[in-house]
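A.B. asks: sharing a model that was predicted from the sequence below.
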Amino acid sequence: MTNKQQYVNFFGMIEDLKNNFDIAAKADLDKLSRRVDAIKEKVEELLKSFRRHTRTGSIRVKRGRKIEGEASVVDLIVKVIGKHSDGAGPKDVVKETGMEIYTVNYGLSKAYRQGRVQRISRGIYVVSDGRF
């Protein structure tokens, strides 16, 4: 019996495994990790940009128009109601501002809960304390 020793080329075996079985190498995984990190940074940048554009202090109204300089919908509604000494309703606010009716109704109910407007009859509000 002869005792022959076989030498195995491990690097060749690894290359064969990688090519035949589509096994990812460390370099491939590192490259993928860098790409994922780059995508993550771009997504975070887009989110920051989106947050910056959505908190501008302007109020969106119908057809994409904006009303600049108002702090909130409630402030604008109270300001419009304050212009009418005999009181104003949601339809009056919609006519003057161009906001959607549901936005005005929500803002009026919020202003009423805050005590900034008073209801004098159904659908008619006046500013309380003269603030507007």
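C.D. replies: Received the coordinates, thanks. Numbers count the residues shown, from 1 in each chain.

A.B. asks: any weak-confidence spans in the protein?
C.D. replies: 1-8, 50-71, 130-132 (pLDDT under 70).

A.B. asks: domain map for this structure?
C.D. replies: 10-54, 59-127 (automatic domain parsing).

A.B. asks: buried deepest among those, which one?
C.D. replies: With neighbours defined as mean count of other Cβ atoms under 10 Å, the domains of the chain peak in mean count at domain 59-127, which reaches a mean of 16. For every residue, glycine as well, the C-beta is placed using N, CA and C.

A.B. asks: and the helices in this structure?
C.D. replies: 10-21, 26-54, 73-83, 90-97, 101-114 (DSSP state H).

A.B. asks: tell me what the shortest one is packed against?
C.D. replies: Translated: helix 90-97. helix 73-83, helix 101-114 (3 or more Cβ pairs under 8 Å, 6 or more residues apart in numbering; DSSP states H and E).

A.B. asks: what's the closest of those helices to residue 126?
C.D. replies: Residue 126 lies closest, by Cβ to Cβ, to one member of the helices and strands packed on helix 90-97: helix 73-83, at 6.7 Å.

A.B. asks: what's the angle between that closest one and helix 101-114?
C.D. replies: 80 degrees (axes from the mean of the first three to the mean of the last three Cα atoms, to 10 degrees).

A.B. asks: circling back: may I see the helices of the chain arranged in JSON lines, with distance to residue 120 as well?
C.D. replies: JSON lines is the format used below for those (distance: least, Cβ to Cβ, whole Å):
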{"stretch": "helix 10-21", "distance to residue 120": "81"}
{"stretch": "helix 26-54", "distance to residue 120": "36"}
{"stretch": "helix 73-83", "distance to residue 120": "11"}
{"stretch": "helix 90-97", "distance to residue 120": "14"}
{"stretch": "helix 101-114", "distance to residue 120": "12"}
